[in-house]
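In: A predicted structure for the sequence below; I have some questions about it.
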Amino acid sequence: MTTSKPGEPGRRPDERGDLLDPRCPARQLLDRIGTKWTSMAVKVLAEEAPDELRFAELRRRIPGISQKMLSVTLKSLVRDGLVARRVEPTVPPAVHYRLTGLGLSLEGPLSALRVWAETHMPEIDRSNQLADESSPG
């Protein structure tokens with residue numbers, strides 16, 4: 001596997017990188033889309049697709065997320081082309097978000113990961129409990 005970046009000389013467009021290399025573009029993308037807030041934002045937006053949601057409504061539907069973290073998450077998703085942002089020129093501006101086709105294609109894999117977590121949570125909890133019981137101190 002290679003550690004070069006897309007667009008570098010000698011790299012084919014379909015060539016995969018090395019996920020173990022911090023410079024690997026796929027690793028960097030996984031770092032961004034692998035957060036709990038990204039998963040939740042994509043889920044909420046997918047539930048509304050193809051419609052849009054305003055920022056405040058997104059925040060209400062994602063318990064525990066701060067305004068700043070939602071803003072950072074949405075900015076990253078927009079930059080990656082997973083979410084479209086539309087601003088109405090009102091006072092204050094009304095900002096709307098929706099998943100793009102690319103963003104909708106991410107919902108399936110993230111949903112599978114959520115289902116896996118829900119299915120295996122009892123096993124993980126038991127393992128954690130056993131580890132806690134057997135640890136000194």
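Out: Looks like it came in fine.

In: which parts of this protein are helices?
Out: 25-33, 36-48, 55-61, 67-79, 101-134 (DSSP state H).

In: most tightly surrounded among those helices?
Out: Highest mean neighbour count of the helices of the chain: helix 36-48, a mean of 19 (counted as mean count of other CB atoms under 10 Å). Where you see a C-beta, it was placed from the backbone N, CA and C, and this is true even at glycine.

In: what lies in contact with that one?
Out: The contact list for helix 36-48, computed with CB atoms under 8 Å, 6 or more residues apart in numbering, reads 32-33, 53, 58, 61-62, 65, 69-70, 73-74, 76-77, 82-83, 97-99, 103-104, 106-107, 110-111, 113-114.

In: what average pLDDT does it get?
Out: The average pLDDT for helix 36-48 rounds to 96.

In: go on, stretch 77-97?
Out: On average, stretch 77-97 scores 96.

In: just give me how far it sits from the chain centre.
Out: Distance, stretch centre to chain centre, for stretch 77-97: 17 Å (CA atoms, centre = their mean, to the nearest Å).

In: between the helices of the chain, which one is nearest to Val87?
Out: helix 55-61 (10.2 Å; CB to CB).

In: for the closest one, name the packing helices and strands.
Out: With contacts taken as 3 or more CB pairs under 8 Å, 6 or more residues apart in numbering; DSSP states H and E, helix 55-61 sits against helix 36-48, helix 67-79, strand 94-99.

In: mind checking which of those is nearest Glu123?
Out: For the helices and strands packed on helix 55-61, the distance to Glu123 is smallest for helix 36-48, at 19.8 Å, taking CB to CB.

In: quick one on the thing from earlier: would CSV of the helices of the chain with distance to Thr90 be doable?
Out: Putting these into CSV (distance: least, CB to CB, whole Å) gives the following:
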stretch, distance to Thr90
helix 25-33, 30
helix 36-48, 21
helix 55-61, 13
helix 67-79, 19
helix 101-134, 25
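
In: return the member of these having the minimum mean pLDDT.
Out: Lowest mean pLDDT of the helices of the chain: helix 25-33, a mean of 90.
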